[in-house]
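Novice: requesting a structural model of the entry that follows:
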Amino acid sequence: MQSTLQFGRFNYPWRGQGVRARVMGILNVTPDSFSDGGNYQSLEFALSHAEQMIQDGVDIIDVGGESTRPGSPAVSLEDELQRVMPVLYAVRDMGPAISVDTYKPQVMREAIIAGVDMINDINGFRAPGAIDAVRDSDCALCIMHMQSDPQHMQLAPAYTDVVGEVIAFLRERAEALLAAGIDPRRLCIDPGFGFGKTVEHNYALLKATARLIDELNLPLLAGLSRKSMVGAVTGKPVEQRMAGSVGGALAAVAQGALIVRVHDVAETVDALKVWQAAQ
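Specialist: The predicted structure is shown next:
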């Protein structure tokens, strides 16, 4: 049974005793991300934020050059490369693992040349050429579920059985990657909180975290930081959702999530340390 996630230069145990959840810090180099858009567009500010996350105990830094908030417009290949590549090269040797958040095969190829440890694809490696772009690398591949696309995904999300349908999609995409000869130890899954889901859909999936892991036999990444599912329960605006986001991360980890993708690194790291000490 697979028990370790191959993560580029790193290996993360995800089954058995001694497993530690990993904190992925978000570094958006975009002008329009829903929570921190425009904060880290310059290389100087991006690196400063990366350094702060490292001081706060981050395990993985996830660099994204295109906002995927609901209704966001697509970004050209040239713009995305100009945004992310200088940051990827600059943070590559700062210590933590590096991930790139992209669905474009050419960005994947360039990021792999730059030495990233993970490709985090909201589109589940469905774009023509995506599987070929990542096939011969050793980076981890995160398969995310999304209904529709960022421009339309929140207009009218609908499922007969959201958990079953998300599992079926993730299984199909994992099988496509395996059929291409990709090592199963490189794969992990993300249910895609907020990507074509209502609040009820999101919490059904969060409650089913352990089921997703067990049925697919793959490690899971949970990314719900500051999202509307947190605001719907707490009644708080984006800038006041830190406590709720930490609670959501702990709920996912308690069911076996290996990676939590967060904005609030220091608070999540501390919460996980206390939670782990109590196990």
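Novice: need the CA coordinates for the strand ranked longest in the chain. PDB is fine.
Specialist: Ordering each strand of the chain by length in residues (DSSP state E) puts strand 22-28 first. Extracted as PDB, the C-alpha positions of strand 22-28 are listed here (Å, rounded to 0.1, in the frame of the first residue of the first chain):
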ATOM      1  CA  ARG A  22       2.200  19.700   6.000                       C
ATOM      2  CA  VAL A  23       1.400  23.400   5.800                       C
ATOM      3  CA  MET A  24       1.400  24.900   2.300                       C
ATOM      4  CA  GLY A  25       1.600  28.700   2.300                       C
ATOM      5  CA  ILE A  26      -0.100  30.600  -0.500                       C
ATOM      6  CA  LEU A  27       2.000  33.100  -2.500                       C
ATOM      7  CA  ASN A  28      -0.200  34.800  -5.000                       C
END
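Novice: average pLDDT for that strand?
Specialist: Here strand 22-28 scores 96 as its mean pLDDT.
Novice: what lines up beside it in the sheet?
Specialist: Strand 22-28 pairs in its sheet with strand 60-64 (parallel), strand 259-262 (parallel), by DSSP bridges.
Novice: out of those, which one sits most buried?
Specialist: Compared across those, strand 259-262 shows the largest average neighbour count, a mean of 28 (mean count of other C-beta atoms under 10 Å). Using the backbone N, CA and C atoms, a C-beta is placed for each residue, glycine as well.
Novice: tell me the mean pLDDT for that one?
Specialist: If you average the pLDDT over strand 259-262, you get 98.
Novice: report the buried residues of whichever helix or strand comes after that strand.
Specialist: Per DSSP states H and E, strand 259-262 leads on to helix 265-277 as the next helix or strand towards the C-terminus. Of all the residues in helix 265-277, those buried under the rule 16 or more other C-beta atoms under 10 Å are 265-269, 271-272.
Novice: the inter-axis angle of the longest strand of the chain versus helix 265-277?
Specialist: Between strand 22-28 and helix 265-277, the angle comes out at 170 degrees (axes from the mean of the first three to the mean of the last three C-alpha atoms, to 10 degrees).
Novice: and the helix or strand following strand 22-28, how far from the chain's centre?
Specialist: For strand 22-28, the following helix or strand on the C-terminal side (DSSP H and E) is helix 43-55. For helix 43-55, the gap between its own C-alpha mean and the chain's C-alpha mean amounts to 19 Å (C-alpha atoms, centre = their mean, to the nearest Å).
Novice: then stretch 134-152?
Specialist: Worked out by C-alpha atoms, centre = their mean, stretch 134-152 lies 9 Å from the chain centre.
Novice: spatially nearest residue to Leu205 (excluding sequence neighbours)?
Specialist: Pro191 (4.4 Å; C-beta to C-beta, 6 or more residues apart in numbering).
Novice: give me the pLDDT for that neighbour.
Specialist: Pro191 is given a pLDDT of 98.
Novice: repeat that for the one 5 residues further on.
Specialist: According to the prediction, Gly196 has pLDDT 91.
Novice: show me the beta-bridge partners of Gly220.
Specialist: Rather than Gly, residue 220 is Leu. In this entry, Leu220 is beta-bridged to Ile189, by DSSP bridges.
Novice: sounds good, over and out.
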